[in-house]
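1. fold the following, please.
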Amino acid sequence: MKKITVSLAYHRLPAQMVVPLMGTVITGMQGKAELKNPPVPLTPPVPADPDAPVDLTTRKTQLEAAIEASAVGGKADTAVKNDALEFALDGLDQEAFFIQAVYRYNPTGVIATGFVPASTNRAQVALDAPAITSIDSDVPAQLTLHVTPVDNAYGYEVQTRTGTGDWATVLYSSAARSIVLPGLTSGTATGVQVRALGGLTGYSAWSMAVSRFVP
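-> This next block holds a predicted model:
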């Protein structure tokens, strides 16, 4: 059997994508007996332990707050965001190496935690582009995308545009099969495109753009 190496390609993700990835990892690691003592606690210890490492949930919350502050702040807020991102990635790294040891020959176990095995295809230079297989438009001001999952991807970036306007990133998702885009403008034709994140180059090509009328 081949030994599994956990991909650290999440280091190339935008900070906004690291937040949902951390949520996926926290959920994926919880409740598994073989993962009951991770190097970084998944949630704050009860009772509080000042000597325990800062848990992954707290690191996620700190990063999310720092991203929001940096969006409207200045250089100091950006520096805080960068520090929070580094701290979040440090927590993910410790969990990744732990997962790699526990599931050394079990790629399914690795994937179930939210991490992905590193590709063994040394010729691969980029992720495959995802495809939008369908879009649901049953809810007012909302579209739900169904996208083909891409091997070795840590998440997906979604862009939209109204009519022939400029593309703008509106969402990062750690899941592909159902991506909800709320808060759209009813009565408009909205274009959507998606790309996978991770891999050797950091991202794939964009999917073919699809346009839908927003109810």
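2. hey, which helix is longest across the protein?
-> The longest helix of the chain (DSSP state H) is helix 75-102.
3. in the helix or strand that it is followed by, which residues are buried?
-> On the C-terminal side of helix 75-102, the closest following helix or strand by DSSP states H and E is helix 107-112. Neighbour-count burial for helix 107-112, counted by 16 or more other CB atoms under 10 Å, picks out 109, 110. From N, CA and C alone the C-beta is placed, and that goes for glycine too.
4. same thing with stretch 133-141?
-> Neighbour counts over stretch 133-141 (16+ other CB under 10 Å) mark residue 135 as buried.
5. again with stretch 83-100
-> For stretch 83-100, by 16+ other CB under 10 Å, it's 84, 85, 88, 89, 91, 92, 93, 95, 96, 98, 99, 100.
6. out of those, the closest to residue 211 would be?
-> Of all the buried residues of stretch 83-100, residue 85 has the smallest distance to residue 211: 34.1 Å, by CB to CB.
7. where does the nearest residue to that closest one once chain neighbours are set aside land on pLDDT?
-> Once flanking residues are discounted, residue 85 sits nearest to residue 15: 4.8 Å by CB to CB, 6 or more residues apart in numbering. pLDDT for residue 15: 94.
8. now do residue 124
-> At residue 124, pLDDT is 51.
9. same check on residue 214?
-> pLDDT recorded at residue 214 is 93.
10. which residues sit against the helix or strand bottoming out on mean pLDDT in the chain?
-> In the chain, the helix or strand scored least confidently by mean pLDDT, DSSP states H and E is strand 202-203, which has a mean of 86. With contacts defined as CB atoms under 8 Å, 6 or more residues apart in numbering, strand 202-203 is touched by 9, 12, 13, 126, 127, 157, 195, 196, 197.
11. kindly report the same for stretch 84-103.
-> With CB under 8 Å, 6+ apart, stretch 84-103 has contacts from 4-6, 8, 10-11, 15, 18, 21-22, 25, 29, 34-35, 38-40, 53-54, 56, 59-60, 62-63, 65-67, 109-110, 113, 115.
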